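Visitor: Give me the fold of what follows.
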Amino acid sequence: MPRGDRLSVHVFGIRHHGPGSARSLLRALETLEPDAVLVEGPPDADAVIPFAAHEAMRPPVALLVYTPGATRDASFYPFATYSPEWQALRFALRRSLPVRFMDLPRANVAPRDTGERTAGHSEDPADRTRRDPLAAIAAAAGFSDGERWWDRMVESRRNETDAFEALAELMVDVRASIPQTLDPNEALREAAMRQIVRAAQREFERVAVVCGAWHVPALIAMPPAKADAELLKGLPRSKTTATWVPWTFGRLTMASGYGAGVESPGWYEHLWESGADPIPSWMTKAARTLRDAQIDISPAHAIEATRLCGMLAAMRGAPAPGLHEAADAIRSIFCFGDALPMALLQTHLIVGERLGAVPSDVPQVPLATDLANEQRRLRMPPGADARELDLDLRKPGDLERSHVLHRLNILEIPWGKPRSAGSGRGTFHERWHLQWHPEFAVDLIEAAAYGTTVREAAAAKVLAGTRMATHLSEVTALLESTFAASLDDVALPVLARIDELAALTHDVLRILDALPSLAQVRRYGDVRGTDAGHVGATIDALVARACVGLRSAVLALDDDAATAVFDRLVATDAAIRMLDVPRHRELWLEALASVAADERVHGLVAGRALRLLFDADAIDVAAVERGLSRALSRSVAAPVGAATIEGLLRGSGLVLVHHPALLETIDRYVVGLNAETFLETLPLLRRTFATFAAPERRAMGERIARGANVGSPPNTDDGDIDMERARLVIPVLHAILGERVST
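Guide: I've put the predicted structure just below:
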C-alpha cells in the first residue's frame, strides 16, 4: 500500500557532475531498491527521459528546454557520464522504474530580460553566483575554497562508506548559519520540488530523491503543502519544448560561465572510469598526450611522477593523491616548470575535448535534421576540438562543403570561420577554422523559422535581410554571401534591391563601401560555378557615379573621417584592379588625380591618392616628388605635411628604398622643422615609419648611413662635404625610424 509518511522518501544530496557522489549514489540506490526515482531537473523534459537509455546516447549531453518563438530564453541542463543525476536516470530506466524530473518547470519561469542562455542546476554548494557556503568549513580544514574541500572529502574518496546522512546534517547546519534571505527564485524552485515529492509519496512506497546537497534541508523538513501551493500560485505559464543535444566538456567547466560547473571534467571522467588507484593510468594518459605533441616523455618520467604524487599527498596530509598533486608532479617531472606543456594538458586532458552524441530519433527541428544529414553526406562530423579545413573548390565535394559553411554563416551559425587562403594557392582555395559549440542547437531552432533545410533557410534569410536593408553596403555584402553560398535563385531580387538603393544613394562614400563586395562577386562568381555576369551593369553605374563625385566627397574632412576615407580608397582601388576593366581604371585614375591635386583635401587622403596613382604607373616619381614637395613647403602647416607623408607611405616604404629622391625630400622637410614643430610632428612620422617592414627600414638606414646625401651615394672626392654636419642627421632619423642607425 502506498504510504504518505516522510519515511518513504529518501533524499540523497549530491554535487552536480561529481564522480564520487555518483558512485555513492549508485550503491545507495541498489541498497534501497526504490519504487520510483525523482531527479533534480526540469519537469518539462519528462517526456524525453527514456532517450537516456538509448545505446546511441553518449554523454556529455544536455537537455534543451525552450519556448517556441522565444529561443533566446532557452536553458540547458548538462550531464556527463559521471553526473549523479545521469546515473540515477540510467538506474531507473534499466529497472523500468518510474523516473521524473523535480524542479520548477521552465514553463513557469518568466523570460529573462537579458535573453542570455543559461544552464540548469544553478544552485549548488559550490555555486559561484553567491557566497560559498562551505568556505568557513574549507578554511578550517586547510583548503582554499569550498570546491576543493568538497572534491577532497566527497568526489575523490575511495572508501565504500556513503556519507549522505552526514552531508545532510552538515547542509542543515550550513543553511541555518548563513544570515541571508533565500533567493526568491530558489524558494520557488524548492516549493515546486516539495510538491512533486508529495505527489510521488501518494503513489509509491519508497521514493529516491536525487538533488543538489544545498536543497537537502528544504526537502527533509517540509512545510505544510498549503504554504508551497500559495507560494506557487499565479506563476506565468508558457508552452515549452524539450530535446537532447550534444554537449562538450569545455561547457561543463566553471570557466565557461556554467554555475554548477567543475574545474576538471576530464579528470572527473578518469576518476569515474579508473579503479582504486587512478594516478598511474592518469600519468600514462598525460605522457601519451605530450608525446603526441612531439614532447619526449619516457616511461621513467611517468614512474617518477607517480611516486612524487604519493609523496606530495603524504606531505599535505591527504589520504590519497588528487588532481592537484598530479598536476604538481607533472609540472615538475614532465614539464620542468614550463607552463606551455601544462597548458596543453589542461586543454586536452584535464578539461578534455569531448563532444557527446544523441540518437537520430531524438526530437529535432527539421532544419537540424537536414544539417545532420548534410554533415554525414559530406563527411564533416561536428567536433568540440578546433581544426582547420582546406577546400579545393574545383572538387565537387569540397565545393559543396564550402556552400554549406557559407549558408550556415548566413544563418549566424558560425561552425566554420573563413581564414586567409595564403599565397600561391589561387582563387580556387578556401581555408576554414571549424569548431562546433553546443549553443548552435538553439541557433538552429531560431533559424528554423526561415525554412526546413539549410539551403532554403539561408535563401529566406538573405531575402529578409534584403528587404530590411537601408544601406547599399548591407545589400552588396548579402549579394557576396549569396554567391558564396550558391543561392543563385535569390541573386536577382538582391540585385534589384541594389539598383533601387543605388538610385536613391547620393553619398559617394556609401557607394565606395559597396564596390568591393560587388567586385568579389563579379570576379569570383564563376570560380564557384555561378553566373555573376549580370552584376556587371550595376558595377558600371556605381563606378561612374563614385568617380564623378569622389573629389567633392572628400573635402573638409577631420582626422577620423580622413582615416575612414583612406581605408575606402585602398579597398576601392583593389576592387578596380580586380575587375580589370579599362574604362573603370581610366575613370578611377582621373578621380584620384583630382583628389591629389586639390589643396583642400586632407593630407592623409591626398597622400594616398598620390601613392595609388604612382603604383598604377599613372604618374612618375618626379610627379610624386612635386606633389610631396608642395605639401611639405613652408606655406603648409607641419601637421598637414606629416599627414601627407603618412598617406603616401603608410604600409610600405619600398617607394623610398627604390626612389632616394623622395627620401631626400622628406629628409629636407624634417631637418627644416624647428624644435617645437618637430616635437609636434614626430608622433605622426613615427606612426608612419612603424608600418614599414623591418627589411625596408633597414635598407633606408643603410642608405642614410652611407653618406649625408640620402639621394645618392656619397662623393668622397668632393672636399666640400662636411661629414660632421652630416652626422647630425643621424639622431633625427633614428627618432623617426625607431631603430638604431649605424654611423
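
Visitor: Can you pull out the low-pLDDT segments for the stretch 401-550 of the chain?
Guide: Along the stretch 401-550 of the chain, segments meeting pLDDT under 70 span 421-427, 524-534.

Visitor: Which of the helices or strands spans the nearest residue to residue 662 once chain neighbours are set aside?
Guide: Leaving aside its sequence neighbours, residue 662 sits nearest to residue 656 (C-beta to C-beta, 6 or more residues apart in numbering; 5.5 Å). From N, CA and C alone the C-beta is placed, and that goes for glycine too. For residue 656, the enclosing helix or strand under DSSP states H and E is helix 654-658.

Visitor: Wait, residue 282 touches residue 327, no?
Guide: No: Residue 282 is beyond contact range of residue 327, at 10.1 Å (criterion: C-beta atoms under 8 Å).

Visitor: the more surrounded of those two?
Guide: Neighbour totals were compared for residue 282 and residue 327, and residue 282 leads with 26 against 20 (other C-beta atoms under 10 Å).

Visitor: Just to be sure, the more buried one is in a helix?
Guide: Yes: the assignment for residue 282 by DSSP: H, G, I helix; E, B strand; the rest coil puts it in a helix.

Visitor: ok, back up a step: so what does the helix or strand following the helix holding residue 656 touch, helix or strand wise?
Guide: Counting by DSSP H and E, the next helix or strand C-terminal to helix 654-658 is helix 660-671. When contacts are defined as 3 or more C-beta pairs under 8 Å, 6 or more residues apart in numbering; DSSP states H and E, helix 660-671 packs onto helix 621-631, helix 638-649, helix 654-658, helix 675-689, helix 694-705, helix 729-737.

Visitor: Could you give the number of residues near the residue nearest to residue 662?
Guide: Residue 656, neighbours per other C-beta under 10 Å, totals 25.

Visitor: gap between it and residue 638?
Guide: From residue 656 across to residue 638, the span is 20 Å (C-beta to C-beta, to the nearest Å).

Visitor: quick one, phi psi at residue 36?
Guide: phi -160, psi 160 (degrees, to the nearest 10).

Visitor: Please name the bridge partners of it.
Guide: residue 207 (DSSP bridges).

Visitor: Does residue 196 touch residue 105 like I think?
Guide: No: assessed by C-beta under 8 Å, residue 196 is found out of contact with residue 105, at 9.8 Å.

Visitor: and for the two, which residues touch both?
Guide: Common contacts of residue 196 and residue 105 (C-beta atoms under 8 Å, 6 or more residues apart in numbering): residue 43.

Visitor: Look up how far residue 303 lies from residue 310.
Guide: Residue 310 is 11 Å from residue 303, by C-beta to C-beta.

Visitor: got the contact list for the residue nearest to residue 662?
Guide: 649, 662, 663, 666, 696, 700.

Visitor: Need the max-distance pair from those residues.
Guide: Farthest pair in those (C-beta to C-beta) is 666 and 696. Separation: 14.0 Å.

Visitor: quick one: which of these two has more around it?
Guide: residue 666 (22 against 19).

Visitor: what's the spacing between that one and residue 642?
Guide: Between residue 666 and residue 642 the computed distance is 10 Å (C-beta to C-beta).

Visitor: how many neighbours does residue 451 have?
Guide: Number of residues near residue 451 (other C-beta under 10 Å) recorded here: 18.

Visitor: Distance-wise, check it relative to residue 197.
Guide: Here the criterion is C-beta to C-beta. By it, residue 451 lies 44 Å from residue 197.

Visitor: swap in residue 646?
Guide: Distance from residue 646 to residue 197, counting by C-beta to C-beta: 73 Å.

Visitor: More neighbours: which of these two?
Guide: Shown here are residue 646 and residue 197; by other C-beta under 10 Å, residue 646 has more neighbours (23 against 20).

Visitor: ok, residue 246 - contacts?
Guide: Contacts of residue 246 by C-beta under 8 Å, 6+ apart are 60, 61, 62, 355, 356, 357, 358, 382, 436, 438, 441.

Visitor: which ones are touching residue 400?
Guide: residue 378.

Visitor: before we move on, what about residue 237?
Guide: 107, 108.

Visitor: Next, it: phi, psi?
Guide: phi -130, psi 140.

Visitor: so where's the stretch 101-250 of the chain uncertain?
Guide: Looking along the stretch 101-250 of the chain with the criterion set at pLDDT under 70, you get 110-133, 141, 144-145, 156-161, 179-182.

Visitor: Let me see the ranges of the helices in it.
Guide: 135-140, 146-150, 164-177, 184-203, 216-220, 225-232 (DSSP state H, counting those that start in this stretch).

Visitor: So for residue 514, which of these sits nearest?
Guide: Relative to residue 514, the nearest member of these by C-beta to C-beta is helix 184-203, separated by 49.0 Å.
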